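[1] model this:
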Amino acid sequence: MTQHGKKYKEALSKVDREEHHSVSGAVDLVKELATAKFDETIELALRLGVDPRKADQIVRGTLSLPSGTGRDVRVAVFAAGEKAAEARSAGADVVGADDLVARVANEGFLGFDVAIATPDLMGQVGTLGRILGPRGLMPNPKTGTVTMDVGRGVSEFKSGRVEYRTDKVGNVHVPVGKASFSKAQLMANIHAVVEELVRVKPAAAKGRYLKSVTLSSTMGPGVHIDPAKAREVEEEELAAV
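    Have a look, this model is predicted:
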């Protein structure tokens, strides 16, 4: 059983667990409750009405957040020759081919948040499935992380591109910024995530699609957003970014 500290309990006392807020109200409350001494990450969690056990109902992809993520994203690139040089020029944190594959396989090296690979190296990178797969780090063409355009990939992930995918029960977790972000910045990012997930709704998904939407900070409790209001963001609020 998880033991929560005094600050968490104080924050929890300010949240009505049964109340479902507008996006605007949820952002205000989460920012108020983010009282840690560090800049907490703000995360959006959505429960989707899909059955991820079925291949045609898996929701996965990437999107660029208009306000960025506010965090330093470490990018590893599996590439050789000119493509390796391209990745380094774009700011990749780790670049390698056989040597990087061996480092991950033999040393358990996982000092990165995103992995990109050129198609010609996927045969070798594929052998790392047991290590990278469970951590959501396996390069995949659907998320743009298997590509010859590695320079662009590195730049996009460094500047605010995030990956999303359903877990085994249909939840999607996406970081949408930091507690230090303005309300407008957070709302713009939330709007972008919700619109993207609605856009990629599987045709096979039946019934209510957005089943629950929750916003929280790293150390704070979850604040529920009314799924019916999750797409309601005023244009003037987005324009304030």
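[2] which residues of this protein fall in helices?
    6-12, 23-33, 81-90, 98-107, 122-125, 129-132, 150-158, 183-199, 235-239 (DSSP state H).
[3] Pro221 reaches Thr35, doesn't it?
    No. Taking contacts as CB atoms under 8 Å, Pro221 lies outside contact range of Thr35: 11.8 Å. For glycine as for every other residue, the C-beta is placed from the backbone atoms N, C-alpha and C.
[4] rewinding a little: so which of the helices of the chain is nearest Pro139?
    Nearest of those to Pro139, taken as CB to CB: helix 122-125 at 6.1 Å.
[5] Rounded mean pLDDT for that closest one, please.
    Across helix 122-125, the average pLDDT comes to 96.
[6] Return the list of helices and strands in contact with that helix.
    Other elements packing on helix 122-125 under the criterion 3 or more CB pairs under 8 Å, 6 or more residues apart in numbering; DSSP states H and E are helix 98-107.
[7] Buried residues of the helix it packs on, list them for me.
    Going by neighbour count (16 or more other CB atoms under 10 Å), the buried part of helix 98-107 is Leu100, Val101, Arg103, Val104.
[8] any idea how far Ser180 is from the closest residue to the third one other than its chain neighbours?
    If I follow you right, that is Arg103. Using CB to CB, 6 or more residues apart in numbering and skipping the chain neighbours, the partner closest in space to Arg103 is Phe109 (4.5 Å). Separation of Phe109 from Ser180 (CB to CB, to the nearest Å): 31 Å.
[9] residue contacts, the closest residue in space to Lys183 that isn't next to it in sequence?
    Once flanking residues are discounted, Lys183 sits nearest to Val27: 5.3 Å by CB to CB, 6+ apart. Val27 makes contact with Lys183, Leu186, Met187, Ile190, Leu215, according to CB atoms under 8 Å, 6 or more residues apart in numbering.
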